[in-house]
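Enquirer: Predicted model and sequence follow; I will ask about them next.
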Amino acid sequence: MSIQPKTAPALSEAEKRLRTIVIKAPVVFFALDANGIFTLSEGRALQKLGLQPGQVVGQSVFQLYGSYSEMIQHVRRALSGEEFSAVDELPELGLCFEVHWAPIRAEDGSLAGTIGVAVDISERKRNERARHEAETLYRSLVEQLSAVTYIAELGVEGEWLFVSPQIESLLGYSPQEWLSNAANWIENVHPEDRELVTGAERAAQEGKRFRAEYRMFRRDGKMLWINDSGSLVPGPDGRQLLHGVLLDVTEQKQLQTRLANTERMEAVGQLASGVAHDFNNLLTIIKGYSSMLMERNQEGPDARAAFEIQQAADRAASLTHQLLAFSRRQTLQPRVLDLNAIVRGLEKMLRRVLSENVDVAIHTAPDIVFVKADPVQMEQVLLNLVVNARDAMPRGGRLTITTASTEVSKGYGQDETLVRAGSYVTLSVGDDGVGMDAATRARIFEPFFTTKEVGKGTGLGLATVYGIIKQSSGHIEVESEPGRGTIFRVSLPRVEQEPAAVRKTTMAETQKRGTGTILLAEDEPLLRELGETILRQSGYTVITAPSTEEIKTLLTTYSGKIDLLLTDVVMPGMSGPELVRIVRERWPKIRVLYMSGYADDEIEDLDRDAGFLQKPFTPSDLTAKIAEVLAT
């Protein structure tokens, strides 16, 4: 009687369970013989390949998958007896399998084939690829931004965990250099701004958004303005990390500063213009009546007093001219002129202005071309620069005045500092005096800024020069260092035409009796009375109007002829050009002469054929100008 093994049924049951597991497992179980013929093909994942269990048994793997070169390489490795894992992709099916290979050996130990388990990792691969693409896109975006992104611990001595490559272009440190010494980053912050940064850090620790704007020093010592903002984000270990952005806002800061300076200059300019306008009205009255006194009694005891009044009024008018030039509302009378002639014409006066211990050297280039500017204002520019140079040499020195032709091949600067490409004539005034530091150079053209003692300077000289040159479409540059003197270079665009001969008003013209009717529109009573007196004495019939309302009434009630309208640039409730328009509706051929303490752009824009007389003026100035306008 034979004894049956007791383990056979148990083994059979195990095989059944194993087969059930293989069939239902979401993988592919397969085996190949030594020639690459499938001897096993099971598993639920076969469905993704469009196969049924056992369907490929007896077929060659080389024939079925010969088009997948990488997979065939893996098969050959496995059939050589190697045990390994590899990834095989089937792009046409959108599938990717991770395959684990192991050799099959016969009872004698020889290689009989290979067995493998293929796990579908298509979804994982897609996720990895999407994450990689997202990371690549994010990295690309971060690296293309002009800003620096960073991740750091809170606190000025906290560790920096990440910084983008832009840190090198911003501050001059590579990311590795910055991270290796990031705990000392606060040392790169301007000392005056460190408390501000510390305060922002404290606010962030209290749960607020980190935000600060401060100055930092680059590796090369250059100072930048940085806008630093960020938010707290929990890190992998639960600690709060600051995710932030550093943005270079130096240019915006500079623009803000220029804008603030421009607005301040504009505000002061408007104030100066208004003051000069009102002051010129008073000076016109003073000059008018003092001139009339001198004409009536040229040899009398009061003639000298009237003359001194005239002289004082002229000096006061010079001051208002400076205010108007600074505010850029000065009425320029530009004409083609030779800068050499301006320099030579003022040479004697300039030498009288300078002290004896100042040597003067004047070098005028013989080949310079002409410029278009107001000659009186250019004389004022030269005089102001010379006086400024004299004051910079209290112990004496050397002052050099030169003229030269210059070329600017490429424009540079912007807004107030814009210099256009072109040909220029340059007037330079240099001294070997005390010089200026950078802080002083930055403010020299500001109105009322002066380094002189109280009572020894108004601070309007260089501001006036700046205003005149800008009005004349030129530019001015300064070169100076402490102890090494200063050079101012004034450049005006050159013009091709020749200077025209200046026509002077003759005595006969100023004393010539006038005829015709003049409508005088002036809201200032004393000026209106003075004007009426001057015009009546000169032979004109005068109709006065103190306001636009009275002028409108006059238009409907006066039936006679009016030859000339003499009006202020601005009348209460209406501008001069607007007044001219309604008057010309009644008298189309009427001549117009504007008078004002400052010039208004509307005159040039709306009434180019009108005459203009700058206040303050004398009676002879007024009558000569009226005769000129009526004669055109």
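Expert: Alright, I've got the coordinates. Residues are numbered from 1 along each chain as shown.

Enquirer: Based on its surroundings, how many neighbours for residue 201?
Expert: 17 (other C-beta atoms under 10 Å). The C-beta positions use only the backbone N, C-alpha and C, and glycine is treated the same way.

Enquirer: again with residue 377
Expert: 22.

Enquirer: before we move on, what about residue 520?
Expert: 23.

Enquirer: doesn't residue 540 make contact with it?
Expert: No. Contact criterion C-beta atoms under 8 Å: residue 520 and residue 540 do not qualify, at 9.4 Å.

Enquirer: Show me what the helix or strand where residue 390 lies packs onto, helices and strands only.
Expert: Using DSSP states H and E, residue 390 sits in helix 375-391. Judged by 3 or more C-beta pairs under 8 Å, 6 or more residues apart in numbering; DSSP states H and E, helix 375-391 is in contact with helix 303-327, strand 335-337, helix 339-353, strand 397-408, strand 422-431, helix 461-471, strand 486-495.

Enquirer: go again using 10 Å as the cut-off
Expert: Helices and strands touching helix 375-391, by 3 or more C-beta pairs under 10 Å, 6 or more residues apart in numbering; DSSP states H and E, are helix 303-327, strand 335-337, helix 339-353, strand 358-364, strand 397-408, strand 422-431, helix 461-471, strand 486-495.

Enquirer: For the third one, buried residues please.
Expert: Which is helix 339-353. For helix 339-353, the neighbour count (16 or more other C-beta atoms under 10 Å) marks 339, 340, 342, 343, 346, 350 as buried.

Enquirer: Distance of the second one relative to residue 467?
Expert: Shown here: residue 340 relative to residue 467, a distance of 24 Å by C-beta to C-beta, to the nearest Å.

Enquirer: Kindly report the same for the first one.
Expert: In this structure, residue 339 and residue 467 are separated by 19 Å, where distance is defined by C-beta to C-beta.

Enquirer: Same check on the fourth one?
Expert: Taking C-beta to C-beta as the criterion, residue 343 is separated from residue 467 by 21 Å.

Enquirer: Quick check: neighbours shared by residue 520 and residue 540?
Expert: Residues within reach of residue 520 and of residue 540 at once, by C-beta atoms under 10 Å, 6 or more residues apart in numbering, are 532, 534, 564, 566.

Enquirer: Point me to the helix or strand that includes the first one.
Expert: When elements are assigned from DSSP H and E, residue 532 belongs to helix 525-537.

Enquirer: what mean pLDDT does that helix have?
Expert: For helix 525-537, mean pLDDT is 89.

Enquirer: now for it, which elements pack on it?
Expert: helix 250-296, strand 517-521, strand 541-545, strand 564-568, helix 619-631.

Enquirer: So which bits of that helix are buried?
Expert: By 16+ other C-beta under 10 Å, the buried positions in helix 525-537 come out as 527, 528, 530, 531, 532, 534, 535.

Enquirer: what's the answer for stretch 282-298, then?
Expert: 282-294.

Enquirer: ok so, going back, quick one: which of the buried residues of helix 339-353 is nearest residue 409?
Expert: Nearest to residue 409 among the buried residues of helix 339-353 is residue 339, at 21.8 Å by C-beta to C-beta.

Enquirer: Now do the contacts for that closest one.
Expert: So residue 339 contacts 364-365, 368-371, 373, 375, 378, 382, 403-404, 425-427, 490, 492, 494 (C-beta under 10 Å, 6+ apart).

Enquirer: count of neighbours near residue 164?
Expert: The local packing of residue 164 (other C-beta under 10 Å) involves 19 other residues.

Enquirer: thinking again about what came up before, most packed of the helices and strands packed on helix 525-537?
Expert: Mean neighbour count (mean count of other C-beta atoms under 10 Å) peaks for strand 564-568 among the helices and strands packed on helix 525-537, with a mean of 24.
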